[in-house]
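Participant: Provide a 3D model corresponding to the input given below.
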Amino acid sequence: MSHMIATVFGVGYMRPAPGTWGSAVGVISALILHYLGGFPLLVVASVLVFVIGWWATANATRGKEDHDPSEIVIDEVAGQWIALLVVSFGAWHAGIDPLRMYPGWIAGFLLFRLFDITKPGPIGWADRRGDALGVMLDDVIAGIFAAIGTGILAWLSHGVLGL
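Facilitator: Alright, predicted model coming up:
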């Protein structure tokens, strides 16, 4: 079961770029969670997927040399959900269909992938831990960076440009 969770039920075996596929599943599932229970459900689910993902990743990599094999993508889902919290909050707070905020969903996805791939600063530090917690943390931190970036882009778009 831990291997199925760690690979998000086999999504991690999709090629090329399994991390991108995992992130895409993260966007779709975040949208579904938003429709089911709004921002509060996405927050609770993000915490749960982090804890469960940490456990699953530790079990899936126990005794193996590679602490972060490419097929493990539960970390991408956790990070992507965090990246999209700002968009979910905006839609929930305004009481609008989250799809009306599609530029935010796209920005959150792209910024998360950018930070997850390039691993600047603390993201790289977390990745270099070499353990299951590091596997999860680098994506959580990338998600936080992406959420901040998405929020800044929303502020520029709505607050400065008035779009």
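Participant: where do the helices sit along the protein?
Facilitator: Secondary structure of the chain (DSSP state H): helices at 2-6, 18-61, 74-94, 102-118, 122-127, 132-154.
Participant: Out of those helices, indicate the one that is most buried.
Facilitator: Mean neighbour counts were taken over those using mean count of other Cβ atoms under 10 Å, and the top value, a mean of 25, falls to helix 74-94. For every residue, glycine as well, the C-beta is placed using N, CA and C.
Participant: what helices or strands is it leaning on?
Facilitator: Where contact means 3 or more Cβ pairs under 8 Å, 6 or more residues apart in numbering; DSSP states H and E, helix 74-94 is packed against helix 18-61, helix 102-118, helix 132-154.
Participant: Next, format those helices as JSON lines and append mean pLDDT and distance to residue 160.
Facilitator: Output for these, formatted as JSON lines (pLDDT from 0 to 100; distance: least, Cβ to Cβ, whole Å):
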{"stretch": "helix 18-61", "mean pLDDT": "97", "distance to residue 160": "24"}
{"stretch": "helix 102-118", "mean pLDDT": "97", "distance to residue 160": "15"}
{"stretch": "helix 132-154", "mean pLDDT": "97", "distance to residue 160": "10"}
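Participant: Go through these and name the closest to residue 88.
Facilitator: The minimum distance between residue 88 and those falls on helix 18-61, with 4.7 Å, by Cβ to Cβ.
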